[in-house]
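J.: Let me see the structure of the following:
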Amino acid sequence: MTSPVCAALDANSSLSASAIVADAVTGSHLLHVEGYSRTRGVPNGMFIRSRPFKVGGCSWCISYYPNGARPNHADFISVFLALDETVAQPMKVHAKFSLLNQVSRQGPSHTRTTALLEYSDRTSGYGYDLIKREFLEKSEYLKDDSIKIKCDVIISKEIHTEDRTAAPPFVVVPSSDMHIHFSNLLATEDGADVKFKVDGETFRAHRYILAVRSPVFKAELLGAMRESTAATGDCIQIDDMVVEVFKSLLHFIYNDSLPEMEGQEEALMAQHLLEAADRYDMQRLKLICEDKLCNHLEVSTVATTLALAEQHNCQGLKEACIEFLISPDALEAVMATDGFEHLTKSCPSLVKELMSELGTRLYKRRKLRA
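T.: Residues are numbered from 1 along each chain as shown. Model (predicted):
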């Protein structure tokens, strides 16, 4: 079963294509044997060579044995494909020999095909006993004391991969634009049915959207707490939160993303939003804020961030702070800050845990290096 994440990636990805190519170079040569009966005087094991012909940029020829290539096959006609030169790299080749029907032009040919063989220099080649002479001389392959032998040469090239231009799909499905519609809904306030007052400023929103995004909002707007909010005209007072943080919280609820911010502004907003995410039980937002704070750890802020991680049970962020402090130089610099002094007064147990953990980790690292 495809996961929702993979399905989303597939929907947003462009179509590409490639090919595994097993190319071959082909060519044919038609050998006429005229005066067939007179060629029977050639001894067993001896051959008559055709004129050279080119296939795949190399010179080839056919060796025709009127009385077979081997002593125990003297009653056969044998044909071999031979390379008429030496090549730098061995070639893998199939040879197909066909004795053509000369009376019924649409009639069947008598065919033999070699296995895939390797050619590298001029030799007697590889081939087959094509047909018994007794059978040949009573067949339609012999006409006016002549026969025709067609040789198809198939040279296999190196198997390789290539890029391909994918055929455009009949239907192009665009990326999801749900967040745009929800963002517009927040901006226009169409259908808004709940009001919030934050630091003197009023915000209108949609109770069902808030409820599906936050268990706390769900209890407050749809659960047992609803009667108390209705009594105040559905205007909910939000204390201990500044306007910009509440705006960012609503932006995340409707867009599933944070507004664009940079540097210290992003780090400060992440701190405040982490508290808001914990307050409204929004775990994804909480993890996003943790991740951003992990990327903004500095000597001047790490003590404050560590206290925040402890207060809101952010284990990943706490680990990042401890890892930042494990350097003796960093620890000494942090201990000189006002943030660390405040940490020792407000969370003495955390400082004790920190020192114990740093000592344990430093000991383990020194032991590994020894």
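J.: what residue ranges in the stretch 51-200 of the chain score low on pLDDT?
T.: Filtered on pLDDT under 70, the stretch 51-200 of the chain yields the residue ranges 105-107, 124.
J.: In terms of helix, strand or coil, where does Val351 fall?
T.: helix (DSSP: H, G, I helix; E, B strand; the rest coil).
J.: Contacts only, for it.
T.: Residues near Val351 by C-beta atoms under 8 Å, 6 or more residues apart in numbering: 343-344. Using the backbone N, CA and C atoms, a C-beta is placed for each residue, glycine as well.
J.: what separates it from Asp121, distance-wise?
T.: 83 Å (C-beta to C-beta, to the nearest Å).
J.: Also Ile322?
T.: Distance from Ile322 to Asp121, by C-beta to C-beta: 71 Å.
J.: Pick out whichever of the two has more residues nearby.
T.: It is Ile322, of Ile322 and Asp121, that has more neighbours when counted by other C-beta atoms under 10 Å, with 17 against 9.
J.: Domain-wise, how is this structure divided?
T.: Per the record, the chain has its domains at 26-159, 178-369, by automatic domain parsing.
J.: could I get these as a markdown table with distance to Ala17?
T.: Shown next, in a markdown table, are those (distance: least, C-beta to C-beta, whole Å):
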| stretch | distance to Ala17 |
| --- | --- |
| domain 26-159 | 18 |
| domain 178-369 | 30 |
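J.: Ok, which of those comes nearest Pro169?
T.: When these are compared by C-beta to C-beta, domain 178-369 sits nearest Pro169, at 21.8 Å.
J.: And that closest one, how far out from the chain middle?
T.: Distance, stretch centre to chain centre, for domain 178-369: 35 Å (C-alpha atoms, centre = their mean, to the nearest Å).
J.: and if you look at stretch 115-123?
T.: On the basis of C-alpha atoms, centre = their mean, stretch 115-123 sits 40 Å off its chain's mean C-alpha point.
J.: And stretch 153-164, by the same measure?
T.: The chain centre lies 24 Å from the centre of stretch 153-164; the measure is C-alpha atoms, centre = their mean.
J.: buried stuff in that stretch?
T.: Within stretch 153-164, the residues scored as buried using 16 or more other C-beta atoms under 10 Å are 153-155.
J.: Going along the chain, name the strands of the stretch 151-300 of the chain.
T.: Assigned by DSSP state E, counting those that start in this stretch, the stretch 151-300 of the chain shows strands spanning 160-164, 194-198, 201-205, 235-238.
J.: Show me the contact partners of the last one.
T.: With contacts defined as C-beta under 8 Å, 6+ apart, strand 235-238 is touched by 194-198, 202, 220, 229, 246.
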